[in-house]
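Visitor: Build me a model from this:
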Amino acid sequence: MASPMHQFEIQPVLTLPTVNVPGIGAIDLSINNSIMSMLIAAALIVAFFTIATAKSAVVPGRLQVMAEGIFSYIDDLVTGIIGHEGRAFFPYVFTVFLFVLAMNFLGLFLMFTSTSQLAVTATLGGMTILLVLLIGFIRNGANMYKLFVPAGVPWYMLILVTPIEFISFLLRPVTLALRLFGNMLGGHVALKVFAGFVVSLSALAATGGIATLGYAGAALSLGGVVALTALEFLVAFLQAFVFAVLTCVYLNDVVNLGHHH
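Guide: Below you'll find the model as predicted:
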């Protein structure tokens, strides 16, 4: 039985030359399975919305209804958490949600799961926090300190509360990255383990004798695979949704800083 971790190994797909960039060094432009999966995810998103909106009609077709539904869903999410000013950040939240969702779903259809790579999820988490910091300083300037000084807290408690708030802010990109990475990694490992049980128990049962009881175990394992697969589809959506929600929450903290402190 193959190792459950084998599916997460980075494999080269297209070898390209290395480019030396002044001040940065050598950059390998080769495409591996993780990059290929991300490129396919991005291409599918662009293709879907291009086809869905190519012929906008008064009575929309199925694809147009789906596209408009996703658009409205994320718009309601952004404005519901941040408020009317949240529409300025709609493109980023919309893109991140769809990109994570597409990568998660591709991993369930015999493609490499890019979101099972910590480098990918950490990059997405880092981009989100950098955006939050940028917007925070642009809108609030020196008043950004209020993010770490909750209103109504006695001054003597601020000695304890402020460092905790600061550390929790620094951990936001870590939690964003680890939550997505851990859920996708763990779910795919569990699927691989149960699928391995189906194969190994069936092979054991084929030897005959009392080992034929292995077919019962294989059937149970197959049921587990089906159940876990259904659960993974739900998790794939929920993780993209949670990432989008937390992005909105973090942006709301700096956009409406004066209203919360």
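Visitor: Which other helices and strands does the helix or strand harbouring Ala240 contact?
Guide: Assigning secondary structure by DSSP states H and E places Ala240 in helix 214-255. If you count contacts as 3 or more CB pairs under 8 Å, 6 or more residues apart in numbering; DSSP states H and E, helix 214-255 packs onto helix 62-82, helix 90-106, helix 118-140, helix 172-205. Any C-beta I mention is one placed from the backbone N, CA and C, and that applies to glycine too.
Visitor: quick one, that helix and helix 90-106 angle?
Guide: With axes from the mean of the first three to the mean of the last three CA atoms, to 10 degrees applied, the angle from helix 214-255 to helix 90-106 works out at 170 degrees.
Visitor: Report the angle between helix 214-255 and helix 118-140.
Guide: 20 degrees.
Visitor: quick one: average confidence on helix 214-255?
Guide: Helix 214-255 carries an average pLDDT of 92.
Visitor: Give me the secondary structure label for Leu16.
Guide: Secondary structure state of Leu16, per DSSP: H, G, I helix; E, B strand; the rest coil, is coil.
Visitor: what about it, how many neighbours?
Guide: Here the number of neighbours of Leu16 (other CB atoms under 10 Å) works out to 10.
Visitor: quick one: the helix holding Ala240 to chain centroid distance?
Guide: Relative to the centre of its chain, helix 214-255 is centred 11 Å away, using CA atoms, centre = their mean, to the nearest Å.
Visitor: Equivalent analysis for stretch 8-16, please.
Guide: 21 Å.
Visitor: hang on, the earlier thing: figure out which of the helices and strands packed on helix 214-255 is closest to Ala218.
Guide: Of all the helices and strands packed on helix 214-255, it is helix 172-205 that lies closest to Ala218, at 4.0 Å by CB to CB.
Visitor: Return the set of buried residues in that closest one.
Guide: For helix 172-205, burial by neighbour count (16 or more other CB atoms under 10 Å) applies to 172-173, 176-181, 183-185, 187-192, 194-198, 201-202, 205.
Visitor: can you check stretch 18-34 too?
Guide: Asn32, Asn33, Ser34.
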